[in-house]
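>>> After the sequence you'll find the predicted model.
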Amino acid sequence: MTATLTDTLQHWINNTSYSADDRTGKVYNPATGEVSRHVALASKATTEHAIAAAADAFPGWRDTSLARRTAIMFNFRQLLAERKGELAAIITAEHGKVLDDALGEVARGLEVVELCCNAPYLLKGEFSQNASTGIDVQSLRQPVGVSAIISPFNFPAMVPLWFFPVAIAAGNTVVLKPSEKDPSAANWLAELFTEAGLPEGVLNVVHGDKEAVDTLLTDPRVNSVSFVGSTPIAQYVYSTGTAHNKRVQAFGGAKNHMLVLPDADLDLAADMAVNAGFGAAGERCMAISVVVALDTIADELVAKIAERAKTLRVGDGTRGCDMGPLITGEHKAKVAGYIDAGVAAGAELVLDGRTGTVDADGEGFFLHPTMFDKVGTDMSIYTEEIFGPVLSVVRVDSFNEGIELINSSPYGNGTAIFTNDGGAARRFEDEIQVGMVGVNVPIPVPVGYHSFGGWKASLFGDQHAYGPEGFKFFTRNKVITKRWLDPSHGGINLGFPQND
């Protein structure tokens with residue numbers, strides 16, 4: 001297994017390391033600010049080589065029995081459960097999130113692998129006998145072919161695990177392009193799947209930038225594309241991929257609101273706002289970045305959130321800290337720029353994360369928890385996805401105004417309401433125009449047997465990730481109408497029938 005972060009990380013094609021590129025990118029340890037390794041950046045030719053490997057492997061994998069596919073998936077699940085600590089350590093070293101958070105990421109990805117162990121049930125079709133005289137009708141689901149997966153830096157293990165186990169369990173082959181900022185987790189997972197018995201070419205990993213992405217989006221051998229990232233890039237991926245006759249699901253950005261009503265447990269709401277706003281340094285697409293507070297309880301709620309956020313220990317994720325660094329120095333500067341803009345726009349800066357002590361060696365890419373109060377909806381800290389530890393508080397006069405505010409957002413990824421009023425919660429569930437809703441739950445990421453996905457500018461495409469919709473995305477439905485004039489005879493065999 002690749003666990004030592006040294007030298008140059010290469011691609012993984014046909015179950016082995018593949019090197020053919022001169023261009024490389026730097027991979028940092030965000031807690032120290034130092035370069036920990038380099039990563040190869042794929043050329044068009046290298047990406048095409050990975051696509052060819054997947055295309056060559058597809059016929060054999062498509063025809064592999066469900067029993068055999070499931071056995072390999074069970075092996076992968078067992079190995080991942082046993083070695084999750086190794087993977088979490090790689091995530092912390094390259095992304096920066098604290099070790100407990102990295103272990104949680106692996107656990108949520110493992111949920112989807114466990115779902116895929118039940119693929120035979122999820123892939124079975126339907127049958128209608130004697131739909132017309134002597135005619136039967138059958139439907140079945142078949143794999144789409146080569147599937148490209150383009151995943152983001154903020155969840156280098158969980159997001160790939162949302163997609164490639166489902167694609168592979170359904171009979172597809174995969175080319176995974178992880179973020180070049182924290183690429184090692186992808187190779188580790190591919191090697192583990194190889195150890196579990198996955199044949200050559202079924203799961204390939206190419207590292208790279210726009211050149212690799214554009215190749216995946218335009219190559220005619222790629223049949224489907226799954227993407228997670230910012231909304232502008234999601235729009236580009238969706239328009240480019242669909243223009244080249246591909247099935248595309250592109251998950252974009254978010255601006256997630258948490259509405260707090262006067263009857264809510266404000267201590268619970270404050271705890272959850274801190275957890276959801278500052279966990280993983282705010283680098284989550286499901287992070288709460290806006291607390292919508294009714295004016296009658298806003299002062300008290302803001303004080304409680306600030307009190308808790310001040311106690312967070314910021315530093316190296318391996319040292320038991322509460323919050324780690326941001327992914328790169330460039331991203332840190334971008335987030336700090338939003339803080340500057342919020343101050344300039346006149347928002348009330350309750351907590352300034354641009355200064356403070358950290359528990360780490362070296363410089364690192366650290367910001368502390370930041371909170372603005374009395375934020376206007378025309379300010380950039382409200383309208384734009386910051387993707388950092390910056391929490392904005394918007395005050396409203398009523399429950400109705402809170403719903404209208406959330407529904408007016410161009411994004412519709414996740415939202416939450418904190419209340420003890422069942423009627424208010426039920427109305428919120430019904431009227432809110434957001435794909436994933438939490439009631440007294442701040443980060444409502446669905447469990448593996450449901451499906452993940454937002455509305456509006458948070459998703460381009462028709463189907464969500466993992467769960468039943470994930471299996472629908474990675475398969476095509478076929479309906480067969482048939483008549484048999486004479487029965488066939490298979491001969492005598494008294495042995496108990498076996499699956500193979």
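Thanks, I have it.
>>> what comes into contact with stretch 353-366?
In this structure, residues lying in contact with stretch 353-366 by C-beta atoms under 8 Å, 6 or more residues apart in numbering are 28, 30-34, 96, 313-316, 319, 321, 324-329, 331-332, 336, 339, 367-370, 389-390. Using the backbone N, CA and C atoms, a C-beta is placed for each residue, glycine as well.
>>> Equivalent analysis for stretch 468-481, please.
Residues beyond stretch 468-481 that count as contacts (C-beta under 8 Å, 6+ apart) turn out to be 112, 119, 122-123, 131, 135-144, 147, 162-163, 166-167, 169-172, 224, 226, 247, 249, 449-451, 453, 463-464.
>>> repeat that for 7 Å
Applying C-beta atoms under 7 Å, 6 or more residues apart in numbering, the external contacts of stretch 468-481 come out as 122-123, 135, 137-144, 147, 166-167, 170, 172, 224, 247, 249, 451, 463.
>>> try stretch 148-160
Defining contact as C-beta under 7 Å, 6+ apart, one finds that stretch 148-160 is touched by 87, 91, 94-95, 105-106, 108-109, 163-164, 174-179, 181-182, 185-186, 189, 213, 216, 222, 225-229, 237, 280, 283-284, 327.
>>> rerun that using 6 Å as the cut-off
For stretch 148-160, the external contacting residues (C-beta atoms under 6 Å, 6 or more residues apart in numbering) are 87, 91, 95, 105-106, 108-109, 163-164, 175-179, 181-182, 185-186, 213, 216, 222, 225-229, 283, 327.
>>> and it, what's its mean pLDDT?
Predicted confidence along stretch 148-160 averages 98 (mean pLDDT).
>>> Check stretch 184-195 too.
For stretch 184-195, mean pLDDT is 98.
>>> now, which of the contacts of stretch 148-160 lie within helices?
Judged by DSSP state H, helices contain the following of the contacts of stretch 148-160: L87, I91, E105, V106, R108, G109, F163, F164, A185, A186, V213, L216.
>>> Could you pick out the buried ones from those?
Buried positions within the ones in helices among the contacts of stretch 148-160, assessed by neighbour count (16 or more other C-beta atoms under 10 Å), are L87, I91, E105, V106, R108, G109, F163, F164, A185, A186, V213, L216.
>>> Show the buried residues in the contacts of stretch 353-366.
Among the contacts of stretch 353-366, those classed as buried by neighbour count (16+ other C-beta under 10 Å) are 28, 30-33, 96, 314-316, 321, 324-328, 331-332, 336, 339, 367-370, 389-390.
>>> and E385, how far is that from V394?
Between E385 and V394 the distance, using C-beta to C-beta, to the nearest Å, works out to 16 Å.
>>> okay, those two: which has more neighbours?
Relative neighbour count places V394 above the other of E385 and V394, with 24 against 19, counting by other C-beta atoms under 10 Å.
>>> Name all residues that make contact with the more buried one.
Applying C-beta under 6 Å, 6+ apart to V394 gives the contacts V290, V292, V375.
>>> what's near enough to touch the last one?
If you count contacts by C-beta under 6 Å, 6+ apart, V375 has them with A347, Y382, S392, V394.
>>> and with 10 Å instead?
Under the criterion of C-beta atoms under 10 Å, 6 or more residues apart in numbering, the neighbours of V375 are 290-291, 342, 345-348, 381-382, 391-395.
>>> And G454, by the same measure?
251-254, 256, 285-286, 411-415, 434-436, 464.
>>> if you set the cut-off to 8 Å instead, what comes out?
G454 sits next to F251, G252, A254, Y411, G412, N413, G414, V434, G435, M436 when contact means C-beta under 8 Å, 6+ apart.
>>> Name the residues that touch stretch 233-250?
Judged by C-beta under 8 Å, 6+ apart, the contacts made with stretch 233-250 from elsewhere in the structure are 144, 150, 213-214, 217-218, 220, 222-229, 251-253, 453, 459-465, 473.
>>> in that stretch, what counts as buried?
The neighbour-count criterion (16+ other C-beta under 10 Å) identifies 233-234, 236-238, 240-242, 246-250 as the buried residues of stretch 233-250.
>>> Show me which of those residues is closest to L301.
Distance from L301 was checked for each of these by C-beta to C-beta. The minimum falls on A234, at 32.8 Å.
>>> Now that closest one: which helix or strand?
Element membership for A234 (DSSP states H and E) is helix 231-243.
>>> so how far is that helix off the chain centroid?
Using C-alpha atoms, centre = their mean, to the nearest Å, we find the averaged C-alpha position of helix 231-243 to lie 17 Å away from the chain's own average C-alpha position.
>>> Direction included, what does the helix or strand that it is followed by pair up with?
Using DSSP H and E, the helix or strand that follows helix 231-243 in sequence is strand 247-251. Using DSSP bridges, strand 247-251 pairs in its sheet with strand 222-228 (parallel), strand 459-460 (antiparallel).
>>> what's the offset of the helix or strand that comes right after the shortest one from the middle of its chain?
Once the chain leaves strand 459-460, the next helix or strand it forms, by DSSP H and E, is helix 467-473. Taking the mean C-alpha point of helix 467-473 and that of its whole chain, the gap between them comes to 15 Å (C-alpha atoms, centre = their mean).
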